[in-house]
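**Q** Sequence isn't available, so here's the structure alone:
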């Protein structure tokens, strides 16, 4: 990763970091409004799992719909939500925030500065795990909109069999509409997301209570002895059912990834006050219904409602699944921005959709790719039951990776002893691995899809990273120290104006500056050599954004730092730090940037196929001028041919 964390977290306590993060979010805006906002963004994925999770646990493994199995699955759902969500994420993992931000990339970046405590090999392995986990989340972002919308629209089929032929077309139309509005941002409709999810979780709980009242004995499923009985009577089918009942916690990683938007306390408040009760009542209610009416297994969620309420419930479910899909799509945009900033993906066009909230972005390329992928999944699998085979393997693998990296955080960041870390993390890892093992049989039946997507993205990320390193090495061979170049400054003419040369290697002379002096024999009277670095933190404090030093008369070396969740606007950053000893005006600056033309050659360093892949990626990368926010009419590009 580029750059370094300025203030080491070594020695800081998770409690102190947690309090600081919560004070930042909670004190500034209030817990209640943030908790309401979290309902509309954070809990959409996990909140729509009742539509299909319980049904799939029975149907995929052909489990008999009997009391023992219903009670066992209800108990599994209860303890999965308690252990994985309440204990693992809310109590432990979410305290490992990177200056208030969460997610697997932020978690990976958290341990990167600890070079003294981790060998190069271990740090490389952690980066590989973090990047692979990130790639897996793209697969999740593809499947979640498809399975959520399909399962909701299938509710209309329950209301009327005449709607059966329209399920696929309507689902595709909804998905097209969902992706079409992404360019407008979520700010306009975000205000209604929270209230809609309040109604959704309220309806989940109400339907569950109605069923539980008719079969109150189902509440005994909180006793884990029913899990033991479930596995004792049908060991193989019970084990395989883990791959389906795991769907009750598929939104767990989103809790951590979206922490930066709301803070831990508001998310916890929403979880314990509304989300967890609504989910548990729904799952227990479905179990109660199946105990009384085994034939309801066809669609136990909609069968909980009276006949007159199925259509309104399907409409509400469709709204809830659109909200759940929106959260995953927005998450894919944010992940892409982070990966580009950390130099794991080529530059892509990013549009800021809100003038108030920096995290709201739109990435056209990702949006269109997700749309094509989602429509392809709907047309290929044609039902939420079939899609459930593809769902889960990516999320379980990501959760395992999160636990492994979190173990490293507890040791190198929090100073836990090995026995203490193992006592806490080992049970969580065993549960994660159990669910992962239960999902492995899904691979031949659809689980291969997110894995292929993840492996493909991993190869692309690793190729881009390695290729960029090779290009940098080739360019460095011809570099000269900037002071040596400027020793000849008296031989050239000084011209009016400000020239900004973007070059990532501080202390070295940008090729554009060398060319300008050699061919035009001029140097601007005010010259800024700017190096842009990405720090291992989400956002850089304004006071730490800029460093400057004088190299020669009228020539300054400027270093700008941006967090991996920030958009690097170079002109705005320079204008904000003119107190560092240099002069800069937006209306008089001219920007000089290098543009490498990369070709595959015979120089050792990469496999020939990966070289060609890198060349293709490099050609498709967005322009540096747009990426750094430079005005198009004031940019000069200097080409350079590089062979890798």
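**A** Looks like it came in fine. On a predicted model such as this, the values are computed, not experimentally measured, just so you know.
**Q** CA atoms for contacts and neighbours, from now on please.
**A** OK.
**Q** distance from the centroid: which residue in this structure tops it?
**A** residue 491 (52.6 Å; C-alpha atoms, centre = their mean).
**Q** so who does it touch?
**A** Shown in contact with residue 491 (C-alpha atoms under 8 Å, 6 or more residues apart in numbering): residue 521.
**Q** in what helix or strand does residue 506 lie?
**A** If you go by DSSP states H and E, residue 506 is not part of any helix or strand.
**Q** Which element, helix or strand, includes the nearest residue to it once chain neighbours are set aside?
**A** Nearest residue to residue 506, sequence neighbours excluded (C-alpha to C-alpha, 6 or more residues apart in numbering): residue 531, at 6.2 Å. Element membership for residue 531, per DSSP H and E: strand 522-534.
**Q** helices or strands up against that strand?
**A** strand 493-502, strand 555-562 (3 or more C-alpha pairs under 8 Å, 6 or more residues apart in numbering; DSSP states H and E).
**Q** To residue 63, which of those lies closest?
**A** Closest approach to residue 63 among those is made by strand 555-562 (53.3 Å; C-alpha to C-alpha).
**Q** Give the buried residues for the helix or strand following that closest one.
**A** Using DSSP H and E, the helix or strand that follows strand 555-562 towards the C-terminus is helix 570-576. For helix 570-576, a neighbour-count test (16 or more other C-alpha atoms under 10 Å) marks 570, 571, 573, 574 as buried.
**Q** I'd like these laid out as a markdown table, including distance to residue 617.
**A** Converted to a markdown table, these look like this (distance: C-alpha to C-alpha, whole Å):
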| residue | distance to residue 617 |
| --- | --- |
| 570 | 24 |
| 571 | 27 |
| 573 | 28 |
| 574 | 30 |
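**Q** so residue 111 touches residue 409, yeah?
**A** Yes. Using C-alpha atoms under 8 Å, residue 111 makes contact with residue 409 at a distance of 6.4 Å.
**Q** any idea how far the residue farthest from the centre of the chain is from residue 523?
**A** According to C-alpha to C-alpha, to the nearest Å, residue 491 stands 10 Å off from residue 523.
**Q** Check residue 420 too.
**A** As for residue 420, its distance to residue 523 is 61 Å (criterion: C-alpha to C-alpha).
**Q** who's more crowded, those two?
**A** residue 523 (24 against 11; other C-alpha atoms under 10 Å).
**Q** who's more crowded, residue 111 and residue 409?
**A** Neighbours were counted for residue 111 and for residue 409 using other C-alpha under 10 Å; residue 111 has more, 26 against 21.
**Q** Identify the residues contacting the more buried one.
**A** Going by C-alpha under 8 Å, 6+ apart, residue 111 touches 408, 409, 412, 413.
**Q** quick one: average confidence on stretch 217-237?
**A** Mean pLDDT, stretch 217-237: 94.
**Q** now do stretch 74-88
**A** Stretch 74-88 shows a mean pLDDT of 96 in the predicted model.
**Q** again with stretch 317-327
**A** Mean per-residue pLDDT for stretch 317-327: 84.
**Q** what's the pLDDT at the residue lying closest to residue 182 once chain neighbours are set aside?
**A** Excluding the flanking residues, the one nearest residue 182 by C-alpha to C-alpha, 6+ apart is residue 362, at 6.8 Å. Residue 362 is assigned a predicted lDDT (pLDDT) of 83.
**Q** Quickly note the distance from residue 362 to residue 391.
**A** For residue 362, the distance to residue 391 (C-alpha to C-alpha) stands at 25 Å.
**Q** the longest helix in the protein is where?
**A** Longest among the helix segments of the chain by residue count, using DSSP state H, is helix 120-159.
**Q** What residues sit buried inside it?
**A** Quick answer for helix 120-159 (16+ other C-alpha under 10 Å): 123, 126-159.
**Q** Over to stretch 160-178?
**A** Across stretch 160-178, burial judged by 16+ other C-alpha under 10 Å covers 167, 168, 170, 171, 172, 174, 175, 176, 178.
**Q** Now do the helix or strand where the last one lies against helix 120-159, angle only.
**A** I take that to be residue 178. Here residue 178, judged by DSSP H and E, is contained in helix 167-180. For helix 167-180 against helix 120-159, the angle by axes from the mean of the first three to the mean of the last three C-alpha atoms, to 10 degrees is 130 degrees.
**Q** just checking, what packs against helix 167-180?
**A** For helix 167-180, the packing partners by 3+ C-alpha pairs under 8 Å, 6+ apart are helix 120-159, helix 364-381.
**Q** Point out the other helices and strands that the longest one packs with.
**A** The reference is to helix 120-159. The contact analysis (3+ C-alpha pairs under 8 Å, 6+ apart) places helix 120-159 against helix 104-111, helix 167-180, helix 310-341, helix 364-381, helix 384-388, helix 393-412, helix 448-477.
**Q** contacts for the strand holding residue 531?
**A** 1-4, 341-342, 489, 492-506, 510, 516-517, 554-564, 583.
**Q** Separate out the buried members of the residues you listed.
**A** Counted by 16+ other C-alpha under 10 Å, the contacts of strand 522-534 give 1, 3-4, 341-342, 489, 497-503, 505-506, 510, 516-517, 554-564, 583 as buried.
**Q** just checking, the residue nearest to residue 182 touches residue 180?
**A** No. Applying C-alpha under 8 Å as the test, residue 362 and residue 180 come out as separate, 11.4 Å apart.
**Q** If you count surrounding residues, which of the two has more?
**A** Shown here are residue 362 and residue 180; by other C-alpha under 10 Å, residue 362 has more neighbours (25 against 13).
**Q** So that one versus residue 566, what's the distance?
**A** From residue 362 over to residue 566 the distance is 14 Å, taken as C-alpha to C-alpha.
**Q** Residue 227: how many residues sit nearby?
**A** Neighbours of residue 227 (other C-alpha under 10 Å): 21.
**Q** Quick check: closest non-adjacent residue to it.
**A** Nearest residue to residue 227 in three dimensions, chain neighbours excluded: residue 72, at 4.7 Å (C-alpha to C-alpha, 6+ apart).
**Q** low-confidence ranges in the stretch 151-300 of the chain?
**A** 185-191, 261 (pLDDT under 70).
**Q** let's see 80
**A** Low-confidence segments of the stretch 151-300 of the chain (pLDDT under 80): 158-162, 183-192, 254, 257-262.
**Q** With the stretch 501-644 of the chain instead?
**A** Residues of the stretch 501-644 of the chain meeting the criterion pLDDT under 80: 507, 515-516, 518-520, 536-538, 565, 578-581, 594-606, 638-644.
**Q** what about residue 630, which SS state?
**A** State at residue 630, reduced to three classes by DSSP: H, G, I helix; E, B strand; the rest coil: coil.
**Q** you'd agree it is up against residue 573?
**A** No. The criterion here is C-alpha under 8 Å, and residue 630 misses it with residue 573 at 11.2 Å.
**Q** one step back: using TSV, please lay out the buried residues of stretch 160-178 together with distance to residue 235.
**A** TSV is the format used below for those (distance: C-alpha to C-alpha, whole Å):
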residue	distance to residue 235
167	36
168	36
170	40
171	37
172	39
174	40
175	39
176	43
178	42
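**Q** before we move on, back to that, which is the next helix or strand following the strand holding residue 531?
**A** Later in the chain than strand 522-534, the nearest helix or strand by DSSP H and E is strand 546-552.
**Q** how about the nearest residue to residue 252, chain neighbours excluded?
**A** In space, residue 252 is closest to residue 85, 6.0 Å off (C-alpha to C-alpha, 6+ apart).
**Q** circling back: and the helices and strands packed on strand 522-534: which comes nearest residue 318?
**A** Using C-alpha to C-alpha, those put strand 555-562 closest to residue 318, at 39.0 Å.
**Q** from the chain's centre, how far out does that closest one sit?
**A** Its chain's average C-alpha position is 30 Å from that of strand 555-562, according to C-alpha atoms, centre = their mean, to the nearest Å.
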